[in-house]
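1. With the sequence up front, the predicted model follows.
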Amino acid sequence: MLEVKNLQVVYSNGNEALKSISLSAKRGEIIAVIGRSGAGKSTLLRCINGLQTATSGEIILDNENITHMSQQQLRLTRRHIGFIWQEYNLIERLPAMTNVLIGRLGYNPGFGSLLGYFDRSHREIALQSLERVHMLHRANFRADRLSGGEKQRVSIARAISQNPKILLADEPVASLDPELSVQVMADLARVAREVEVLTLINIHDVELAKKYADRLIGIAQGVIVYDGKPETLDSHTMNRIYRFDKDQNAGSSMSPENNALLGSPAVVA
Ligand SMILES: Nc1ncnc2c1ncn2[C@@H]1O[C@H](COP(=O)(O)OP(=O)(O)OP(=O)(O)O)[C@@H](O)[C@H]1O
Ligand SMILES: [Mg+2]
């Protein structure tokens, strides 16, 4: 279903965010990607979604090599990739229903979608998607009138309405309070299981990751250091994932670049 082979990403400033990442995943799996800030979690999801170009390696989704795509291929592929963002990415002044219909845009090309016209079949799918996340009663509410948890549920509905081959969620509960985080993660995992979609969730909260994912992938400094069941993640591996890298951090505050920043009037002012 998804094959990532020796994926490497070097940003233009020379920063190697991913170093030869390889993984394969099946339909219906729910995978939590954990790791310290800067480990490379978002870079991985962004590569799969075509938002970031791989420096080397390959990404194969449903037997299609999606590593390097033309703009047109990218458009077609993206309609099969649902993305859930930390900050929801809803259009605030539009109703929840319209926001979910936006997930159907890839299937409703041409003038219709430009005019905001979606036929009955699209509307039915949008309503079903809202129902799945218990948000049918908010279908006509403008997005900016919804609470954070409700916004994220609408954004899950939008992603599901795409009938995606893969669902990518980058810190989907990081903006929510602990109680809501649990509820929204529970909803996300339940919906993903119901529609049997392969789901990759970047998440900082390891307890939530262990509770709702079938599989954990731990990344440290662009390398996978754990790939397995939540139950078998031990404290030694946790240390490898979350270790404080003394060598890397000891020098940084005193680096010539930082000294220059300290001395820079533009920064001090
Ligand atoms: N556009 C960019 N240009 C240069 N370096 C970048 C860029 N985006 C990310 N990086 C760097 O690549 C590394 C991986 O970043 P990434 O955002 O993937 O980490 P992350 O695991 O998602 O972190 P977080 O948990 O904070 O979201 C970091 O060192 C980051 O500073
Ligand atoms: Mg990130």
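-> Arrived safely. Numbering: from 1, shown residues only. Ligands and ions are numbered 1, 2, ... in the order given.
2. What's the separation between residue 56 and residue 139?
-> Distance, residue 56 to residue 139, using Cβ to Cβ, to the nearest Å: 45 Å. Any C-beta I mention is one placed from the backbone N, CA and C, and that applies to glycine too.
3. Comparing those two, which residue is more hemmed in?
-> Between residue 56 and residue 139, counting by other Cβ atoms under 10 Å, residue 139 is the more crowded of the two (18 against 13).
4. Now do the contacts for the more buried one.
-> 95, 96, 97, 127, 130 (Cβ atoms under 8 Å, 6 or more residues apart in numbering).
5. Not counting its neighbours along the chain, what's nearest the residue of the stretch 51-200 of the chain found nearest ligand 1?
-> Nearest residue of the stretch 51-200 of the chain to ligand 1, counting by Cβ to the nearest ligand atom: residue 171, 6.4 Å away. The shortest distance from residue 171 to any non-neighbouring residue, by Cβ to Cβ, 6 or more residues apart in numbering, is to residue 86 (4.2 Å).
6. give me the element that neighbour is part of.
-> If you go by DSSP states H and E, residue 86 is not part of any helix or strand.
7. Wait, it touches residue 181, no?
-> No - using Cβ atoms under 8 Å, residue 86 is not in contact with residue 181; the gap is 11.5 Å.
8. Neighbour count: these two, which is higher?
-> residue 181 (20 against 17).
9. can you confirm the more buried one is in a strand?
-> No - counting by DSSP: H, G, I helix; E, B strand; the rest coil, residue 181 falls outside a strand, being helix.
10. Identify the residue nearest it in space, chain neighbours excluded?
-> Using Cβ to Cβ, 6+ apart, the nearest residue to residue 181 is residue 173, at 3.8 Å.
11. give the contact list for the one you found.
-> By Cβ under 8 Å, 6+ apart, the neighbours of residue 173 are 152, 180, 181, 184, 185, 203, 205, 208.
12. again, only this time at 6 Å
-> 181, 184, 185 (Cβ atoms under 6 Å, 6 or more residues apart in numbering).
13. What separation do you get for it and ligand 2?
-> 13 Å (Cβ to the ion, to the nearest Å).
14. And the helices in the stretch 101-250 of the chain?
-> Counting by DSSP state H, counting those that start in this stretch, the stretch 101-250 of the chain has helices at residues 111-114, 120-132, 148-161, 178-194, 206-212, 235-242, 246-252.
15. Tell me which of those helices sits most buried.
-> helix 148-161 (a mean of 25; mean count of other Cβ atoms under 10 Å).
16. what pairs with residue 2 across the strands?
-> residue 25, residue 61 (DSSP bridges).
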